[in-house]
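Trainee: The following block contains a protein sequence and its predicted model.
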Amino acid sequence: MASNRIPDAVKKVFMETFIAADIAEPLASFDVQACAAQVRGFMESEDYDIVGVRRDGLVEGYVERDSLKDGVCGQFQKPIEEAKILDDTTPLLKVLMALDHAPFGLVTMLGKVGGIVTRADLQKPPVRMWLFGIVTLIESRFSELIERHCPSDDWKGHLSEARLEKAKVLLAERSRRNQTLRLIDCLQFADKGRIIARREDIRKLTIFASGRQAVDTTKQLEKLRNNLAHSQDILTSDWGAIVRLCEFIAAE
């Protein structure tokens, strides 16, 4: 690595591999004169929170399920401009960052609104693979920074004896299986975060503004990775980690 930043070629993969179209769902829509009560019934049966409103065949607005009362859809529609609009080619990174500020985004295809993406769509396989890859990339970068700035395993002084012993036990087990590794390869992600937090010269090469932020964020990312690996829900408790992950890549 020629610098302390993620290589451009690697970053390009994560910026361009997945796009909004990979996770968006078709946007159900109804004519502006459609009966609001019937549309609400449809939305309840399908568990939709948002549907589009059409005029002359084109989506010109949207309605939220809870807003529909007696009357026609047009009475309750919101202008399309009030929603977050994303092109279907928008990189997944930007989609996730947009969803940090809005509960959903309407997706345009060939310049016309035809899809929707919500936070629930982040549970889909493309997003989970993308997130796992980025977490792995960041952990690898942490290892590279520590090795570069802590010659002769100076990093050991920043961990407790208990954490070092845990790494040594893992190294012995892997050595027994004929795996050629070093002690640093057996550190947990959170351990690497602690080292970076305690070495200001290394921390300043990251986006972390403080040692506490480095420790807390690394713990969040480790938890996110574990949930991804074990097919657990990643929205209920990991949303903050996902946002930090996107900020990390964007800042690089």
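Mentor: Sure thing, it's come through.
Trainee: Over to residue 26: give its phi and psi.
Mentor: Phi and psi for residue 26, reported as degrees, to the nearest 10, are phi -60, psi 140.
Trainee: Now it: closest residue in space, sequence neighbours ignored.
Mentor: In this structure, residue 26 finds its nearest non-sequential neighbour in residue 115, 5.9 Å apart by C-beta to C-beta, 6 or more residues apart in numbering. Where you see a C-beta, it was placed from the backbone N, CA and C, and this is true even at glycine.
Trainee: ok, residue 99 - contacts?
Mentor: Residue 99 is in contact with 84, 105, 117-119, 122, counting by C-beta atoms under 8 Å, 6 or more residues apart in numbering.
Trainee: Pull out the buried members of the residues you listed.
Mentor: For the contacts of residue 99, a burial check counting by 16 or more other C-beta atoms under 10 Å picks out 105, 117-119, 122.
Trainee: can you tell me which of the residues you listed are in helices?
Mentor: For the buried ones among the contacts of residue 99, not one is inside helices, with DSSP state H as the criterion.
Trainee: Let's have those in CSV, adding distance to residue 174.
Mentor: Below are the buried ones among the contacts of residue 99 laid out as CSV (distance: C-beta to C-beta, whole Å):
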residue, distance to residue 174
105, 44
117, 41
118, 42
119, 38
122, 33
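Trainee: quick one: which of those is nearest residue 39?
Mentor: Lowest distance from residue 39 to those (C-beta to C-beta) belongs to residue 118, with 18.5 Å.
Trainee: so for the helix or strand containing residue 38, what's the average pLDDT?
Mentor: Using DSSP states H and E, residue 38 maps to helix 36-46. Averaging pLDDT along helix 36-46 gives 97.
Trainee: Equivalent analysis for stretch 128-146, please.
Mentor: Per-region confidence: stretch 128-146 scores 91 on mean pLDDT.
Trainee: What are the contacting residues of it?
Mentor: By C-beta under 8 Å, 6+ apart, the list of residues contacting stretch 128-146 from outside reads 1, 4, 6, 10, 14, 17-18, 92, 155, 184-185, 187, 189, 192-193, 195-196, 199, 202, 205-206, 218, 221, 224-225, 228-229, 234, 242, 245, 248-249.
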